[in-house]
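Let's see this in three dimensions:
(2 chains)
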Amino acid sequence: MSEAAANGKHLRSWLRALLAGPLVLVAACMLMAGGAVWLPPGQAQVNNLVLPIVLFPLLWTALFLYACLDTRMQRAYAVICTLIASNAALVAWHLFG
Amino acid sequence: MFKLPQRDTKTLLAIHGWSGVLLGLLLYAVICTGVAAVFASEINDWASPLKRQQASAAFGPGLDAAVRRLAKQVDPQFHEEVAIYGSAGGRVMLLYHRHETNPAGKPSERGVEFELDPATWQTIATRTGWLEDIAEQRRASGVADFLVNLHVRLHIPDPYGLLVTGALGLAMMVAAVTGLLIHRHLIAELFTLRLGRDPVLRRRDLHVVAGTWNLPFAFVLAFTGSFFSLASTVGIPAVAMVKFGGDQEALIETLSGPPRTENKQAAMLANIDAIIADTRTRSHAEPNFVSVSQYGRADAITSTFTDLPDDTLVYSSYVYDGTTGAFLRTQPPFGTTPSIGASLVGLMYPLHFGNFAGAASKAVWVALGFAAAYVTLTGMLLWTRRREEQSAWRRMARAVHYVGYGLPLALVCAPYAFFALRDSKVEAGTSQGIAFLAVAAVAAVVAVGTGNLDRLRRRLLASTGIAMLGLPLMRMATGGLGWMESYRAGIGAVPAVDIAFVVAALACLWTALRHQHQPSKGTARARTNTTDAQTT
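Residues are numbered from 1 along each chain as shown, chains lettered A, B, ... in the order given. Next up, the predicted model:
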């Protein structure tokens, strides 16, 4: 394996770790925070407060495995970053809009 | 069963292994203590039973009079809420308190806790301060509290301990999901067990069979456990920030339902004994927690909680007018009407604690938890054994043996300090923590000094067996109840836990002392390589 190919593989590993580690954690947290805004509260007025907290471990696990398994890393970055940006915008609009 | 591309299977196998190896030792500690914590109340009844002539119900007649009598002894500011709950050995606790922000800036409670004997309603002990300080002063529930604290937060201060156990729960979820996906022959592997003379194949098959049967349970435990750890540290602050500007008390009040219209006029409290009797009739279950908010005021509310009735998995509370005793409503875990969110949260408790069908379901949860601990330990042993040619992995294998067999030994030795010092002023958590660390240090010396890992395993297992055999004797020697006394007092936990320790001790000693066939190194290596190829 040439040095350039080895460096490329090394970089891809780091990019994958960045995506599956900190970015997925941020995405799961933002989905939880955003869920409190966009989920319907239901008749008891608690679903939007409770469901995001209950589902947080499942959200993180699903996003983590997706980030590890998607063969096209650019697409995985696009999906995770879109989730972060859309939910962050929703939360910002709710707080400051 | 799952036909994934080979690349995905390899990736999942790597994630499965590394998620276990990186956090496996801590995860093993959390699972082991969780297995014991399932029987926390029974362990406390065993360690600190009240000496009495006959059985008496925790929430029996006379509780109302005791609440009124003790209310006169505390500062009226602590009448904001009275919490009444059962504790070790049939004791009843009354906590008069108010809700405040503690010095760490977190919502907490401050007040006075009375420990009562329900047979006479005499005060056994009184504790004051913040709830966290009161919890540390509790002596009767010391043995289980030590285990539960280790299980919940590894004795690391909040919120870091909860964050660590939350991360461990997430790692366990990943290991469970990837463990399911990497099976190519799921049904066949449920039953493939080659118990021949080759220990390598046998260990591999035992790990796979135990892990495969345990997959649904491991997933449920990891999901519910990470929820409990992360809800208060991440979830509630995040949702409170978005919806209530960071006010966590406001979020909790919203989830609890709208408060009653404020009325500060003085008023007599309704009879708590009558309210408890009414709850028994409505729920067909035994009350285990009573809360009186705004004690002595016209807007007082009394809420009662019960053990789970036979036909339900989601708990409800019963809400009464605190001054007239009139029944107001049955309340789900959150909100005032049933909802998916409240039901899901309500399900988390029985699924994690296994307390939905009494001792039977708890016993099943202990067995499944033991299997999860076994899978975690054998997974790490298999992983390190495959890489034993590298010195770093050989050191890791020694660490796995040390934690795997040394942790149970240290856990069993901790209650010796509790029994030896239970009449002293040393806090139960402190004495057990010192004993735990001292035994862990001795085990570390033994682990470093014992060259052969199998011999190390046998030594630690035999020591654990001996320590377990001695624990009932230590309990009795330091003033604990005998079996006849406990039978008369209706405390079945005393002989039950004693017998459980003896049976577990004999199992440890049998495992440590039995003869084992060891194949030659070359044969073992060849078999390991074969099973590696089969797995991947």
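
Could you measure from B:G335 over to A:Q45?
Using CB to CB, to the nearest Å, B:G335 is found at 6 Å from A:Q45. No exception for glycine: its C-beta is placed from N, CA and C like everyone else's.

more crowded one of the two?
Legend: neighbour count by other CB atoms under 10 Å in any protein chain shown for B:G335 and A:Q45, higher for B:G335 (24 against 19).

Might one say that that one is in contact with B:P258?
No: applying CB atoms under 8 Å, one finds B:G335 not in contact with B:P258, separated by 9.8 Å.

Next, the contact list for B:L461, please.
The neighbours of B:L461, taking CB atoms under 8 Å, 6 or more residues apart in numbering or on different chains as the test, are B:Y405, B:C508, B:L509, B:T511, B:A512.

again, 7 Å this time
Residues near B:L461 by CB atoms under 7 Å, 6 or more residues apart in numbering or on different chains: B:Y405, B:C508, B:T511, B:A512.

now the residues you listed in a markdown table, with distance to chain A?
Compiled in a markdown table, the contacts of B:L461 are given as follows (distance: CB to the nearest CB, whole Å):
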| residue | distance to chain A |
| --- | --- |
| B:Y405 | 30 |
| B:C508 | 34 |
| B:T511 | 35 |
| B:A512 | 38 |
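
State the distance from B:A58 to B:A250.
Counting by CB to CB - B:A58 and B:A250 are separated by 34 Å.

got it, and B:V375?
Distance from B:V375 to B:A250, by CB to CB: 43 Å.

again, but for B:A477
From B:A477 to B:A250 the distance is 53 Å (CB to CB).

B:H151 now?
31 Å.

of these two, who's got more company?
Shown here are B:H151 and B:A250; by other CB under 10 Å, B:H151 has more neighbours (22 against 13).

Which residue, other than its chain neighbours, is closest to that one?
Distance criterion CB to CB, 6 or more residues apart in numbering or on different chains; nearest residue to B:H151, sequence neighbours excluded, is B:T33 at 3.8 Å.

Doesn't B:F305 belong to a helix?
No: using DSSP: H, G, I helix; E, B strand; the rest coil, the assignment for B:F305 is strand, not a helix.

List the residues that contact it.
B:F305 makes contacts with B:P287, B:N288, B:F289, B:Y315, B:S317, as judged by CB under 7 Å, 6+ apart.

So the second one sits against B:Y315, correct?
No: under the criterion of CB atoms under 7 Å, B:N288 makes no contact with B:Y315, lying 9.8 Å away.

related to what we said a few turns ago, ok, so of the contacts of B:F305, who is nearest B:G105?
Using CB to CB, B:F289 comes nearest to B:G105 of the contacts of B:F305, at 27.2 Å.

Please work out how many residues are found near the closest one.
Using other CB under 10 Å, B:F289 has 15 neighbouring residues.

before we move on, what about the one 5 residues further on?
Other residues lying near B:Q294 total 22 when counted by other CB under 10 Å.

Not counting its neighbours along the chain, what's nearest it?
Nearest one to B:Q294, counting by CB to CB, 6+ apart, is B:A300 at 4.6 Å.

For the one you found, which residues are in contact?
Contacts of B:A300 (CB under 7 Å, 6+ apart): B:A267, B:L269, B:V292, B:S293, B:Q294, B:G322, B:T323.

of all those, which two lie farthest apart?
Of all the pairs that those form, the one spanning the most space (CB to CB) is B:A267 and B:S293, at 13.0 Å.

Would you mind measuring from the residue nearest the centre of chain A to A:A33?
Central residue of chain A (CA atoms, centre = their mean): A:A27, 2.5 Å from the mean position. Note on A:A27: its distance to A:A33, by CB to CB, is 11 Å.

can you list residues touching both of these two?
Counting by CB under 7 Å, 6+ apart, nothing touches both A:A27 and A:A33.

interface residues of the stretch 101-250 of chain B facing chain A?
Residues of the stretch 101-250 of chain B found near chain A (CB under 7 Å from any CB of the partner chain) are B:169-170, B:173-174, B:177, B:223, B:226-227, B:230-231, B:234-236, B:238-239, B:242-243.
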